[in-house]
Each structure stands twice: as C-alpha cells, then as structure tokens.
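[1] show me how the following folds:
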Amino acid sequence: MTTSDPTHEIHITRSYDAPVARVWEAWTDLAQLAQWWGPRGFSITTTAKDLRPGGTWEYTMHGPDGTNWPNFTRYHEVVECQRLVYDHGASSADAKPMFCVTVEFRDRSGATELEIRMRFATAEELEQSRAIIKTASGNSTWDRLGEFVAHEVTAKEIFLINRSVEAPIETMFEMWSNPEQVARWTPPTGFTMAFARADIRAGGASFYSMTNGQFTMYGRAEYFEIRRPDLLRYAQSFADQDGNLSRHPMAPVWPEKMLTTVTLTAERATQTRVTIQWEPFGAATPEEIAAFAAAREGMTMGWTGSLDKLEEAIAARA
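    All right, here's what the predicted structure looks like:
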C-alpha cells in the first residue's frame, strides 16, 4: 500500500512521560504488549511473532462479548526505538489488510512522542474504518499504553482518555474554564449541573450539584494550576449538600479525592487534542486504588459521554 494522499490517512499523536526505549519495549515485548494492546475490555493471545522486516505477528483479539478476532500483521520496516511500519487488519496471511501503519518514536526531552499514521487505499475505506474504530473505542488502545507505561515507570495507577476536537485551543480552554460552559457538557447523560460557587483559578475552589430530578449529588473542586490556554489541574471530591467532604454515594471504597489533569494541545489551528489524566489523590488506601484501577471501562464510558456533549456544545456555538 503506497498511497501518501493525506485524505486517506488517520493521524494520531500521543505524548508519554517515559523514555523512548521504555515505550518501544512495551510495544515489542510480548508479555508487556498483552497488557495493553487493543481497545478497553479486549485481551490478546499471540500465536507467533517475528519482529523484523518481512516478519509477521499472528494473534487473536478476544472481545468483551467473547468474540474472537484473528489478526495477521506483516512488518515492512523495523528500526529499533525509532520506527515501525506494518500492515494491519488482515485475518490471515492470505487476507487483504485494512490499512498500513507507520509509527514514529521520538524523544522529547526524556519523554516520548508517538506519531501514528494509518494509510488507506481510498477515502471510502478510511471512513469505514474510522466508524469501526469509534464503535470499538479503538483509540483507547493508546490510552491503555500510556497507563501501562506510567505504572511501569512510576508504579502509579492512572486513567487516560484523549479526544481530538474540531475547535481552536482558546475555544477549548474556555469550555473547561468558564463555569457556564462547564455546566453544559460535564454532567452524566440525563443530569444537569449547577454551580453554587465557581472560582476556576489557581488557588480557587468550586462547589456544584448534579441532578436528574430524582437523585442529586454534590461535588467540589480545588484548583492547583490553571495555565491559559493549555493546562488545568485540580482535585475533585464528592460533597454533601453543605459542601463538606463526602464519599461516592454508590462506591464507598472509591478514593476520597481524584486529581484531574487536563492538557490541551493544538493539532491544527481549528483542532485541539484534549488529554485527561485521572488518578487517586492524597492518602488513598490500597483497596481504594484497586477499586479505581478496576473501574477504567466505566470511566471511559463516563468521560466519552461527557466529551460527546462537549463536541455538541462546541458545534452549537458555531
């Protein structure tokens, strides 16, 4: 597959706070690869792997519904700690691959920038695959990689989710920092949100409620760092109706506080990548950390719903 037409490509960029050699190892060591490859809820079993130009990787993806998906990958280029080029999406050696992948590993002051390009034969095939990737939450693969690498490097459990949104970075920053805008898209589906107090600045704090008319929950946020236009870092916690620290109303072993780090990256003048990192904050117990780590699929669903509403809110402003 030789097309270089940009209209036939899906382009993904991710940044990981780990050396290139560490990220490369996570891709190439089978024991590590098995811990993150595929969308959330999927697992894999490798039959054979020969990481070299002309070599192949044969594996089966196991879906959360029990469906098995045979996969056959052929490598075209393998440059250690720099570059991988391979076919993806074939079910066997005789089947046609869906697309060709180029992965570039770049050092960024000790961190790793991963650039992934998926090249398709036609724009029609690209759109078909884009729909499949969205339905299967395929891009969560790269979030799982970030979580795995973070745990290997720091021993911390984190949750990651990324979304590229058609909006300039200044617009995106406003959607995260303006209380009126935050209330439009943050609450779960079926809920509305209202701020009793909102002081979204470094050193500030907010107190809010979310309700569906039958059930109301309260929360508060403490803001540690707000850097226009690309960073927000704050701690979230549940609260009672008077604003006092409380616990998750349906999960008593959920961490008392969560640290949220939102990083905004301009991918184009009119496109911004939102990276959300969530992690237990403060004196979380081993049981609380385990409960957090076990809930990543649910967190993905929750944040996906909110990000969908974020895109809708931005579209409504146009």
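
[2] can you pull out the helices in the chain?
    20-28, 30-33, 123-135, 140-154, 169-177, 179-185, 286-293, 296-317 (DSSP state H).

[3] then the fourth one to PDB, C-alphas only?
    The one in question is helix 140-154. Output in PDB follows, covering the C-alpha atoms of helix 140-154 (Å, rounded to 0.1, in the frame of the first residue of the first chain):
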ATOM      1  CA  SER A 140      -8.400   3.700  23.800                       C
ATOM      2  CA  THR A 141      -5.600   1.400  22.900                       C
ATOM      3  CA  TRP A 142      -3.200   4.300  23.000                       C
ATOM      4  CA  ASP A 143      -4.600   5.400  26.400                       C
ATOM      5  CA  ARG A 144      -4.000   1.900  27.700                       C
ATOM      6  CA  LEU A 145      -0.400   2.100  26.500                       C
ATOM      7  CA  GLY A 146       0.000   5.400  28.500                       C
ATOM      8  CA  GLU A 147      -1.500   3.800  31.600                       C
ATOM      9  CA  PHE A 148       0.700   0.800  31.300                       C
ATOM     10  CA  VAL A 149       3.900   2.800  30.800                       C
ATOM     11  CA  ALA A 150       3.100   5.100  33.700                       C
ATOM     12  CA  HIS A 151       2.600   2.200  36.000                       C
ATOM     13  CA  GLU A 152       5.900   0.600  34.900                       C
ATOM     14  CA  VAL A 153       7.800   3.900  35.400                       C
ATOM     15  CA  THR A 154       6.100   5.300  38.500                       C
END
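
[4] still on that earlier bit, figure out which of the helices of the chain is closest to Ala221.
    Comparison of these against Ala221 by Cβ to Cβ identifies helix 179-185 as nearest, at 9.7 Å. Using the backbone N, CA and C atoms, a C-beta is placed for each residue, glycine as well.

[5] give the buried residues for that closest one.
    Residues 179, 181-185 are the ones in helix 179-185 that count as buried (16 or more other Cβ atoms under 10 Å).

[6] re earlier: mean pLDDT for the helices of the chain: which is lowest?
    Among the helices of the chain, helix 123-135 has the lowest mean pLDDT, at a mean of 89.

[7] so which elements touch it?
    strand 9-16, strand 99-108 (3 or more Cβ pairs under 8 Å, 6 or more residues apart in numbering; DSSP states H and E).

[8] quick one: which of those strands is nearest Ala318?
    strand 9-16 (23.1 Å).

[9] adjacent strands (with direction) for that closest one?
    strand 111-119 (antiparallel) (DSSP bridges).

[10] list the buried ones in the partner strand?
    Buried positions in strand 111-119, judged by neighbour count with 16+ other Cβ under 10 Å: 112, 114, 116-119.

[11] now do stretch 231-238
    Result for stretch 231-238 [16+ other Cβ under 10 Å]: buried residues 232-238.

[12] ok, these vs Trp303, which is closest?
    Gln236 (12.7 Å).

[13] I'd say the closest one and Lys257 touch.
    Yes. The criterion here is Cβ atoms under 8 Å, and Gln236 meets it with Lys257 at 6.9 Å.

[14] picking up where we left off before, farthest-separated two in the buried residues of helix 179-185?
    It's Pro179 and Trp185 that sit farthest apart of the buried residues of helix 179-185, by Cβ to Cβ, at 12.0 Å.

[15] what residue ranges in the stretch 151-300 of the chain score low on pLDDT?
    For the stretch 151-300 of the chain, not a single residue meets the criterion pLDDT under 70.

[16] what about the strands in it?
    Using DSSP state E, counting those that start in this stretch, the strands assigned to the stretch 151-300 of the chain run over residues 159-165, 192-198, 205-211, 216-227, 231-239, 257-268, 271-281.

[17] same for the first one, what does it pack against?
    This points to strand 159-165. Other elements packing on strand 159-165 under the criterion 3+ Cβ pairs under 8 Å, 6+ apart are helix 140-154, strand 271-281, helix 296-317.

[18] list the neighbouring strands of it plus their orientation.
    Applying DSSP bridges to the sheet, strand 159-165 is found paired with strand 271-281 (antiparallel).

[19] Ala95: which of the buried residues of helix 179-185 is nearest?
    Trp185 (41.2 Å).
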